[in-house]
Structure formats: C-alpha cells, structure tokens
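Chemist: prediction below, plus the sequence it came from.
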There are 2 protein chains.
Amino acid sequence: MLDDVAFDADGLIAAIAQSAEDGTVLMLAWMNREALAETLSTGKVCYYSRSRGKLWRKGETSGQRQELVSARLDCDGDAVLLLVRQTGVACHTGRLSCFYREMRPDGFRDTEAPRVSPDELYGRKTPTP
Amino acid sequence: MLDDVAFDADGLIAAIAQSAEDGTVLMLAWMNREALAETLSTGKVCYYSRSRGKLWRKGETSGQRQELVSARLDCDGDAVLLLVRQTGVACHTGRLSCFYREMRPDGFRDTEAPRVSPDELYGRKTPTP
C-alpha cells in the first residue's frame, strides 16, 4: 500500500489526526514513508518532524500519545487521515486541538483554553502516563 | 490576521475541510494568501490549485460548493481547519470525503461508495445547484 502513497519531493505526506471518539480534528503533521510504515505496523502514531529532521513518536516526551484506530489515504494519495485515540491533549500548548485560533472578522478568538500547562507536559523527566 | 499565517516557501498553507454538520473530514487542499483572504471575506471556500497554478473556487465546475462556517488556524500557523457546509460531495470521485481508502493489514478497503458519478459532476455545462 505504501507504493500508492504520493510522497512529495521531500518524501513527506500530510497527516491529519482526528479523534475517533468525538471527531475533533486534533492536528496536522507530516509523515515520511518510515513514519507511516511504523504507524501502520505498531498502531502507535509516529510522524516525521520537519524541524528536527527525524521521526517523532507522538507523546514520547509529553506522554500525550495517539493510538491508531484507522488510517485513510485520500483520493490522490497525498494526504492521510488518522483516526486516533488521543491520550490527554494533542497540542503542545496544552489544548486538546492545535486548531484553536478562530479567525473572525474582528481578529483571533481562542476556541478552547489550555487543559494542562506546557510545563507539566514537557517539564518533567518522566512522561505523564 | 493573515500576517500570523506561516505560508511555506511556495506561499501556501495546508487547509483541511471538515463538515460543520457531522464532523466528517472532507478533504485536504492548499491555500495561498489570496485564497485564504477571499475565503474569509466571502464565506465561500477558495483554494489554490497547485496543479493548475491558480485559484480554485471549490464547486465552480462541479457545483459542489463549500460555505465557510469557521476558520481555525493551528498553533504554529501553518495549517488551517475550515468548518464548512458542503453542497453535495467534496471528492471528485463522487464520494462525500476524499479520505475513503482505508489502509488495512490486507490492503485498501473503501469506506464509502460514490454517491454521484464523476460524469454527472463534471460532464455538464451547467453546474449542479
């Protein structure tokens, strides 16, 4: 199936994570072939961090893991939708979803407040279970 | 607000369209600054077609338009979630969602069948209302 995936010139595909429980769109990140293969085989979501240039096993630092329920490739093969069970929150700001900055005629308005502090997510040596 | 958007080296941002009605993730496409500005000001979703190199007013050929309900920028500003009211189907294959190719251990399995034929969507001169 990986041969049907249209990775871009950088070898990446856009990956959308959506809560399998309530349909919330949690985040958009990127996967290379290795990250997608690992995600499909282990059932634990692994992205590719463009900024760090390496695999990013979601939750390895914060404990906020994503368990794969279903992966769905789109019609032209250059994006994948991941239905996941999210442990805790998806966003590094402590919010459930990264998409919290609503664009309104009068400017941004946050759609949700942080549920946990980033310090709590990243400040401790031992990941939150 | 557009100054807070982190367009990439090609001047684009990833845009996810999600049904405002039932939460279905419909498609992923791209927007340049002009497409996002037009979408926000008109309330009708306009993407940027990378293959055609021009603005793509969703539904202008097929009639399968998207009305914007809410646009939400993500935490690092390089992706936007569009909550939309979809007229008809989002996918050019005639399916509601472009993400219909479930990746299973034994291969792809379609999660939905076409609701309308592509010929019907694109074969007529007058767009379906």
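Modeler: Received the coordinates, thanks. Numbers count the residues shown, from 1 in each chain, chains lettered A, B, ... in the order given.
Chemist: what comes up buried for the least confident helix or strand in chain A by mean pLDDT?
Modeler: None of the helices or strands of chain A scores lower by mean pLDDT, DSSP states H and E than helix A:118-122, at a mean of 87. For helix A:118-122, a neighbour-count test (16 or more other C-beta atoms under 10 Å in any protein chain shown) marks A:L121 as buried. In short, each C-beta sits where N, CA and C put it, glycine included.
Chemist: pull the residues that contact it.
Modeler: Residues external to helix A:118-122 that are found in contact with it (C-beta atoms under 8 Å, 6 or more residues apart in numbering or on different chains): A:61-64, A:88-89, A:92-94, A:128.
Chemist: can I get the CA coordinates of it in CSV?
Modeler: C-alpha atoms of helix A:118-122 as CSV (Å, rounded to 0.1, in the frame of the first residue of the first chain):
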residue,chain,number,x,y,z
PRO,A,118,3.1,23.1,28.8
ASP,A,119,5.5,22.9,31.8
GLU,A,120,3.6,20.0,33.1
LEU,A,121,3.7,18.3,29.6
TYR,A,122,7.4,18.9,29.0
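Chemist: which parts of chain A sit against chain B?
Modeler: With C-beta under 8 Å from any C-beta of the partner chain as the criterion, chain A meets chain B at residues A:1, A:4, A:14, A:16, A:18, A:22-25, A:27-28, A:40, A:70-76, A:79-81, A:91-93, A:95, A:98-103, A:107-108, A:111.
Chemist: is A:R95 in contact with A:V89, as I believe?
Modeler: Yes - counting by C-beta atoms under 8 Å, A:R95 touches A:V89, with 6.0 Å between them.
Chemist: give me the common contacts of these two.
Modeler: A:R115.
Chemist: that older thread, in helices, which of the residues of chain A next to chain B fall?
Modeler: Judged by DSSP state H, the residues of chain A next to chain B include A:L40 as members of helices.
Chemist: filter the residues of chain A next to chain B down to the buried ones.
Modeler: Neighbour-count burial (16+ other C-beta under 10 Å) applied to the residues of chain A next to chain B gives A:1, A:14, A:16, A:18, A:24-25, A:27-28, A:40, A:70-75, A:79-81, A:91-93, A:95, A:98-103.
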